[in-house]
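Okay, sequence plus prediction incoming.
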Amino acid sequence: MGLIAKLSCLLLLYSVTEADSTLTVLRSDANPDRPWEKRWSSQTLQAAHLDASLKLASASVSPLANPFTIVSSCKISDTVACANALATLKLAAAKITSAFTFFQEIRVSVQFTSLCQSSLASCDSRILGGAAPASYFDAKTSSDSIYYSYPQALLKQLNIQDNVQIPYNDFDIVALFNMDANWRFSSTNYTNSTQYDFERVAIHELSHGLGFDSSVNQWSDGFTFIGPSYKLNNESNFNGWLSPTLMDRYIYIPSSSKKWMDMLKLVTSFTTSKKLNETQFLMQFSKSGDPFSAAQQLYIVCTTSSKFIQYRTAENMSIYLQTTPGNFLQGTSIVHVDQATYSASAEFLMTPEVPLDNLSIEPLIAKYNASYIMIGPYGVQTLNILKHFGYATPDNLTRATVTVNLLNSINTTTSSATSAFACYDFLLITFIALIIINQI
């Protein structure tokens, strides 16, 4: 039995079915050629001594000096370009390591390819790359009342010590970079203002791979409602909902009485005992009353105006997330910080657009560090988002203890299926943005 999941860019990759004394564990074996698309497979574990909520004990581990292991695949004839890209990607990983403390290896599968010549057949050189967690797992801390989707890279850093072997994907992050783009691999090979800084884009994409993402997506083009991802079983029937991401937990709407997590909860209150295929599910959902109204409200708050939604923690740290008036941009809205507000600030890294200019990441960090506080390549606010997810930093080596939901039955069997969508978690450079930036 297969599982197909609808998500914006990242999939919840870990679900379990109990059958007699075994657990059937579904996970994703991500295709490096399409990091936004997931292939589901299964494993079976003995469940004789498993509890429904597994409390993970603290493990004694030490920080790693070089936690990133990068396995690359060069799909173009220019092997020199691939070598330069790999070397620069390693520099990007080192800069991330300067901001965070990792206790377990983070394995990255990356492909350097020509999108124009690939199966995507996209010759738009403005598409620079994409990345995603290779796996997500349901987990929660003692302060959480519900389970959230934890990216594998993060879960491995937390207190995970038990006799149970969690079926991790072989890689924590999958990434792809478009070698049709005119890249600058280091500040020494700058030639003109039509080059994109590879290191900056690589840090951005690896950060998405660490879990910088929301579960909310537009289920189909043209819909004026959005919502969390839903599951389909092997018969393509609606089979429940996937958990919100850690980013969803603290999304805040300052000018609205509506609360983000309350709207997600209301959307996912839709249930049915009937076997509904995807078309039937969408039809029934559109007639569901409060759940459908909540999905419409989500669309409205994401498309009303810019600077409308924040990531805000209990400590009152807040940063505006990217929204576009009148349009929900799949892979851009919510999962980046606001372009207009932060592109010329220390928080520039996670904006959705990259300028054509003669600045590599090093002078940018130096430029903004003179007026703001930067930690490695991150502004303090952007870093605090990932820190709040649970990543440790040199000044705070705390590792949370989490409860992992291993026995969340989703009525699946052991065959595999391929997700029926492609999501573009890409940095897209719009012509308007280029004109504005180049005039500055």
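Sure thing, it's come through.

pLDDT value on residue 352, please?
Note on residue 352: pLDDT of 91.

right, and it touches residue 332 too?
Yes. Counting by Cβ atoms under 8 Å, residue 332 is a contact partner of residue 352 at 4.8 Å. Where you see a C-beta, it was placed from the backbone N, CA and C, and this is true even at glycine.

ok, how many other residues are close to residue 127?
21 (other Cβ atoms under 10 Å).

Equivalent analysis for the one 3 residues further on, please.
Residue 130 is surrounded by 24 other residues when neighbours are defined as other Cβ under 10 Å.

Could you do residue 323 as well?
Neighbour number of residue 323 under other Cβ under 10 Å is 22.

From residue 203, how far off is it?
Applying Cβ to Cβ, to the nearest Å, the value for residue 323 to residue 203 is 23 Å.

Repeat that for residue 320.
Counting by Cβ to Cβ, the gap from residue 320 to residue 203 is 20 Å.

So these two - more neighbours on which side?
Taking other Cβ under 10 Å, residue 320 and residue 203 do not tie; residue 203 has more neighbours (24 against 21).

I'd guess the more buried one is in a helix, am I close?
Yes. Assessed by DSSP: H, G, I helix; E, B strand; the rest coil, residue 203 belongs to a helix.

Residue 97 is in contact with that one, correct?
No. Residue 203 is beyond contact range of residue 97, at 10.9 Å (criterion: Cβ under 8 Å).

can you list residues touching both of the two?
Applying Cβ atoms under 8 Å, 6 or more residues apart in numbering, one finds that no residue jointly contacts residue 203 and residue 97.

so residue 403 makes contact with residue 137?
No. With contact defined as Cβ under 8 Å, residue 403 does not count as touching residue 137 (11.1 Å).

who's more crowded, these two?
A direct count of neighbours by other Cβ under 10 Å for residue 403 and residue 137 places residue 137 higher, at 28 against 18.

Can I get whichever strand or helix holds that one in PDB? Just the C-alpha atoms.
Element membership for residue 137, per DSSP states H and E: strand 136-140. The C-alpha trace of strand 136-140 is given here as PDB (Å, rounded to 0.1, in the frame of the first residue of the first chain):
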ATOM      1  CA  TYR A 136      10.400  14.300   8.600                       C
ATOM      2  CA  PHE A 137       9.300  12.600  11.800                       C
ATOM      3  CA  ASP A 138       6.400  13.300  14.200                       C
ATOM      4  CA  ALA A 139       7.800  14.400  17.600                       C
ATOM      5  CA  LYS A 140       7.100  16.900  20.400                       C
END
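
Who are the packing partners of it?
Judged by 3 or more Cβ pairs under 8 Å, 6 or more residues apart in numbering; DSSP states H and E, the packing partners of strand 136-140 are strand 148-151, helix 152-155, strand 403-405.

ok, 6 Å please
Packing partners of strand 136-140 (3 or more Cβ pairs under 6 Å, 6 or more residues apart in numbering; DSSP states H and E): strand 148-151, strand 403-405.

Could you tell me how far the longest one lies from the centre of the chain?
Shown here is strand 148-151, whose average C-alpha point lies 10 Å from the average C-alpha point of the whole chain (Cα atoms, centre = their mean, to the nearest Å).

which residues touch it?
12, 133, 136-137, 139, 211, 243-246 (Cβ atoms under 6 Å, 6 or more residues apart in numbering).

Nearest to residue 156 among those residues?
For the contacts of strand 148-151, the minimum distance to residue 156 (Cβ to Cβ) is 9.8 Å, reached by residue 137.

And that closest one, what's its pLDDT?
87.

Secondary structure class of residue 382, three-state.
Quick answer, by three-state DSSP: residue 382 is helix.

what's the neighbour count on it?
Neighbour tally, residue 382, other Cβ under 10 Å: 26.

ok, now which ones touch it?
347, 350.

can you do 10 Å?
99, 207, 212, 311, 319, 337, 342, 345-351, 374-375 (Cβ atoms under 10 Å, 6 or more residues apart in numbering).

right, and residue 180 touches residue 196 too?
No. Using Cβ atoms under 10 Å, residue 180 makes no contact with residue 196, being 11.3 Å away.

List the buried residues in stretch 253-267.
253, 260, 263-264, 266-267 (16 or more other Cβ atoms under 10 Å).

Equivalent analysis for stretch 297-315, please.
For stretch 297-315, a neighbour-count test (16+ other Cβ under 10 Å) marks 297-304, 308-313 as buried.

Give me the below-cutoff pLDDT ranges for this protein.
1-60, 118-122, 124-125, 160-165, 187-192, 357-358, 406-440 (pLDDT under 70).

Are there helices or strands packed against the helix or strand harbouring residue 73, and which ones?
Secondary-structure assignment from DSSP H and E places residue 73 in strand 68-74. The contact analysis (3 or more Cβ pairs under 10 Å, 6 or more residues apart in numbering; DSSP states H and E) places strand 68-74 against helix 79-99, strand 106-113, strand 173-178.

Comparing the ones you listed, which comes out most buried?
strand 173-178 (a mean of 28; mean count of other Cβ atoms under 10 Å).

what ranges do the strands span in the stretch 151-300 of the chain?
Remark: strands assigned in the stretch 151-300 of the chain by DSSP state E, counting those that start in this stretch are 173-178, 183-184, 196-197, 230-232, 238-241, 251-252.

The longest one pairs with which strands?
Within its sheet, and counting by DSSP bridges, strand 173-178 is paired with strand 106-113 (parallel), strand 129-133 (antiparallel).

Could you export the ones you listed as CSV, including distance to residue 156?
Output for those, formatted as CSV (distance: least, Cβ to Cβ, whole Å):
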stretch, distance to residue 156
strand 106-113, 8
strand 129-133, 11
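
Minimum distance to residue 157: which of those strands has it?
strand 106-113 (8.5 Å).

Would you mind getting the angle between that closest one and strand 68-74?
If you take axes from the mean of the first three to the mean of the last three Cα atoms, to 10 degrees, strand 106-113 sits at 20 degrees to strand 68-74.

re the thing from before, go through the buried residues of stretch 253-267 and flag which are in helices.
Counting by DSSP state H, the buried residues of stretch 253-267 place 260, 263-264, 266-267 in helices.

Adding distance to residue 153, write the residues you listed out as JSON lines.
Shown next, in JSON lines, are those (distance: Cβ to Cβ, whole Å):
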{"residue": "260", "distance to residue 153": "24"}
{"residue": "263", "distance to residue 153": "28"}
{"residue": "264", "distance to residue 153": "23"}
{"residue": "266", "distance to residue 153": "31"}
{"residue": "267", "distance to residue 153": "27"}
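
Understood, closing this out.
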